[in-house]
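Chemist: could you work out the structure for the sequence below:
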Amino acid sequence: MESYFHSVTLDEKKCKGCTNCIKRCPTEAIRVRKSKARIINERCIDCGECIRVCPYHAKKAITDSLDMIKSFKYKIALPAPALYGQFDTKYARNKILNGLKSLGFDDVFEVARGAEIVTYATRKLIEKGDYKKPLISSACPAVVRLIQVRFPSLIDNLVKIESPMEVSAILAKRKTMKLHHVSDDEIGVFFITPCAAKVTSIKAPYEKDKSAVDGAISIRDVYLRLLNNMDKSNESFELEISGAEGIKWASPGGEALGLGIDNYIAVDGIHNVIKIFEEIEKDRLKDVEFVEALACTGGCLGGPLTVENAYLAKSRLKKHIKDAAKVNDVIKMDSLTITAQKEMKNEINMDDLLLSDNGISFQWKENIKHRPIMKLDEDILKAIQKLDALEKINNNLPGLDCGACGAPSCRALAEDIVRGMADETDCIFKLRERVRQLALQMSELESKMPPVLDKEQANGDGE
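Modeler: Here you go, the predicted model:
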């Protein structure tokens, strides 16, 4: 089975085998065996749901250390729009960006700017009408992985445009090479991430060989240092380059609102996303033109690597959106100042998604492929036989999906049994039934004792 890097990992020392995680995992990627959780790599989509629900903090996300930026001559931070909602509204967006720069970065490039470009590109795609409906946003990497493993029929519905993070990384490097005359390999671009799935998409991109981003640093890891720097620093570089439209991407509906259409669905929370995808597969959403799907409840503001409550963060974000709307007609890029109208009309040819001056493409390099998670055997005949055995075992199980066996459902246990990873008596109901049968057999054996043993027992009682 093909594998790839996972940001979500397990700390076995902290795991108590409570089964909370197996019940919430959207792809049934977790089992509890011998009182410890186990993550099945080919099933995991790094959504971070297990990180959110584990009461013992045994699930964690692997991210890069801030010290990693020292490996590069020129260092650029790419803050997710969700970062702005983590702080009190007394901190203006430019103050937050300057605080981030003072952590050791040479420059800051807002991912919200990349989001605006992706919005424009998607809008043009919808205007052309040459796509499979409903069009599904590809900005959330956990959702894309979900489609790969559970909904392969929806792969052609995905927007095949680079994510705002990737677009921002490409533009940030291009700008730096042009202004500061440094080579591509001397520039380190680091995403300040609210979620684990983004880390995975950087380390193991699903649509190309290599990400334009060099690392991902958790919002949690920089929060306190950033807060301290903002309170102390007086530096005020003009670092704001995005308008309100890009900042809105941090919360549910922000991407869809920028498309200028009415017939869209904005859904957040991985289990809600699954329900919508099931409806699409059943062809029940024919009139929907666009689906914005976000794995985290509350969108990126609710990411497992954020600090603030998603609802409070959303409230705080409103001020940044309002302030950005006042200057939305001008885009500032350090010494380069160009109007949004000029950039959209002259620099970016959105019909083929190319930056016309140097041929950088924002289209996916290749389409993603289905990643089957129910491959029982490489031999098709053996796989069919195992599937038949799986169905028989499943039909013989109670169907309660209680999770006491360490698998999320009875069918998952049946699959584990066929794979040789579990036994039928792992089911507590089957175990109880087996114990009753053994007790009955012991009773029957006792009533059929050989005459010699009966005589010995009688003599013993007489004494």
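Chemist: can you tell me the SS state at Asp156?
Modeler: helix (DSSP: H, G, I helix; E, B strand; the rest coil).
Chemist: okay, it: pLDDT?
Modeler: Confidence at Asp156, expressed as pLDDT, is 95.
Chemist: what count of nearby residues applies to the closest residue to it other than its chain neighbours?
Modeler: Once flanking residues are discounted, Asp156 sits nearest to Lys132: 5.0 Å by C-beta to C-beta, 6 or more residues apart in numbering. The way it works is simple: take the backbone N, C-alpha and C, and place the C-beta from them, glycine included. When counting by other C-beta atoms under 10 Å, one arrives at 11 neighbours for Lys132.
Chemist: which stretch of helix or strand covers Lys132?
Modeler: If you go by DSSP states H and E, Lys132 is not part of any helix or strand.
Chemist: mind listing what's buried along stretch 133-152?
Modeler: Going by neighbour count (16 or more other C-beta atoms under 10 Å), the buried part of stretch 133-152 is 133-151.
Chemist: what's the span of it, first residue to last?
Modeler: Terminal residues of stretch 133-152 lie 15 Å apart, using C-alpha to C-alpha, to the nearest Å.
Chemist: how about stretch 255-272?
Modeler: One end of stretch 255-272 sits 18 Å from the other (C-alpha to C-alpha).
Chemist: so what's the gap between it and the chain middle?
Modeler: Per C-alpha atoms, centre = their mean, to the nearest Å, the displacement of stretch 255-272 from the mean C-alpha position of its chain is 17 Å.
Chemist: how much space separates the nearest residue to Pro79 once chain neighbours are set aside from Glu42?
Modeler: Residue nearest to Pro79 in three dimensions, not counting chain neighbours: Ile192, with 4.6 Å by C-beta to C-beta, 6+ apart. Remark: distance between Ile192 and Glu42 (C-beta to C-beta, to the nearest Å) = 29 Å.
Chemist: who's more crowded, these two?
Modeler: Ile192 (27 against 15).
Chemist: tell me the mean pLDDT for the strand or helix carrying that one?
Modeler: Element membership for Ile192, per DSSP H and E: strand 187-193. For strand 187-193, the mean per-residue pLDDT is 98.
Chemist: contacts for that strand, please.
Modeler: Under the contact criterion C-beta atoms under 8 Å, 6 or more residues apart in numbering, strand 187-193 has outside partners 63-64, 68-69, 71-80, 83, 100, 105, 109, 111, 165, 169, 172-173, 176-177, 198-199, 202, 212-219, 222, 303, 305.
Chemist: of those residues, which belong to strands?
Modeler: 74-79, 215-218 (DSSP state E).
Chemist: where does the residue positioned nearest the centre of the chain fall, phi/psi-wise?
Modeler: For the chain, Ala142 is the residue whose C-alpha lies nearest the centre (C-alpha atoms, centre = their mean; 2.9 Å). With angles defined as degrees, to the nearest 10, Ala142 sits at phi -70, psi -40.
Chemist: could we number from 3 for the rest of this?
Modeler: Understood, numbering begins at 3; the last thing we discussed is Ala144.
Chemist: what does the model give it for pLDDT?
Modeler: The model's pLDDT for Ala144 equals 96.
Chemist: quick one: the strands in the stretch 353-465 of the chain, in order.
Modeler: 356-357, 362-363 (DSSP state E, counting those that start in this stretch).
Chemist: in terms of mean pLDDT, which of these ranks lowest?
Modeler: strand 356-357 (a mean of 42).
Chemist: for Leu99, give me its contacts.
Modeler: By C-beta under 8 Å, 6+ apart, Leu99 lies in contact with 81, 110, 112, 239, 241-242.
Chemist: can you tell me the SS state at it?
Modeler: Applying three-state DSSP: Leu99 is helix.
Chemist: so what's it scoring on pLDDT?
Modeler: 96.
Chemist: ditto for Lys130
Modeler: The model reports Lys130 with a pLDDT of 87.
Chemist: for the one 3 residues further on, same thing?
Modeler: Note on Tyr133: pLDDT of 87.
Chemist: that one contacts Leu127, correct?
Modeler: Yes: counting by C-beta atoms under 8 Å, Tyr133 touches Leu127, with 6.1 Å between them.
Chemist: more neighbours, the two?
Modeler: Neighbour count, other C-beta under 10 Å: between Tyr133 and Leu127, Leu127 has more, with 20 against 17.
Chemist: which strands or helices does the helix or strand harbouring the more buried one pack on?
Modeler: Element membership for Leu127, per DSSP H and E: helix 113-130. Applying 3 or more C-beta pairs under 8 Å, 6 or more residues apart in numbering; DSSP states H and E, we find helix 113-130 packed against strand 137-138, helix 166-182, helix 246-249, helix 256-259.
Chemist: and that helix, what's buried?
Modeler: 113-128.
Chemist: tell me how far it lies from the chain's centre.
Modeler: Worked out by C-alpha atoms, centre = their mean, helix 113-130 lies 21 Å from the chain centre.
Chemist: between that helix and strand 189-195, how big is the angle?
Modeler: 80 degrees (axes from the mean of the first three to the mean of the last three C-alpha atoms, to 10 degrees).
Chemist: taking strand 76-81 as reference, get the angle to helix 113-130.
Modeler: 60 degrees.
Chemist: CA atoms of helix 113-130 as PDB?
Modeler: The C-alpha coordinates for helix 113-130 follow below in PDB (Å, rounded to 0.1, in the frame of the first residue of the first chain):
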ATOM      1  CA  VAL A 113      -2.000  34.100   2.300                       C
ATOM      2  CA  ALA A 114      -5.200  36.200   2.200                       C
ATOM      3  CA  ARG A 115      -3.700  37.700  -1.000                       C
ATOM      4  CA  GLY A 116      -3.300  34.300  -2.500                       C
ATOM      5  CA  ALA A 117      -6.900  33.600  -1.500                       C
ATOM      6  CA  GLU A 118      -8.100  36.600  -3.500                       C
ATOM      7  CA  ILE A 119      -6.300  35.400  -6.600                       C
ATOM      8  CA  VAL A 120      -7.800  31.900  -6.200                       C
ATOM      9  CA  THR A 121     -11.200  33.500  -5.800                       C
ATOM     10  CA  TYR A 122     -10.800  35.400  -9.000                       C
ATOM     11  CA  ALA A 123      -9.600  32.300 -10.900                       C
ATOM     12  CA  THR A 124     -12.500  30.200  -9.600                       C
ATOM     13  CA  ARG A 125     -14.900  32.900 -10.600                       C
ATOM     14  CA  LYS A 126     -13.600  32.900 -14.100                       C
ATOM     15  CA  LEU A 127     -13.800  29.100 -14.200                       C
ATOM     16  CA  ILE A 128     -17.500  29.300 -13.200                       C
ATOM     17  CA  GLU A 129     -18.200  31.900 -15.800                       C
ATOM     18  CA  LYS A 130     -16.700  29.600 -18.500                       C
END
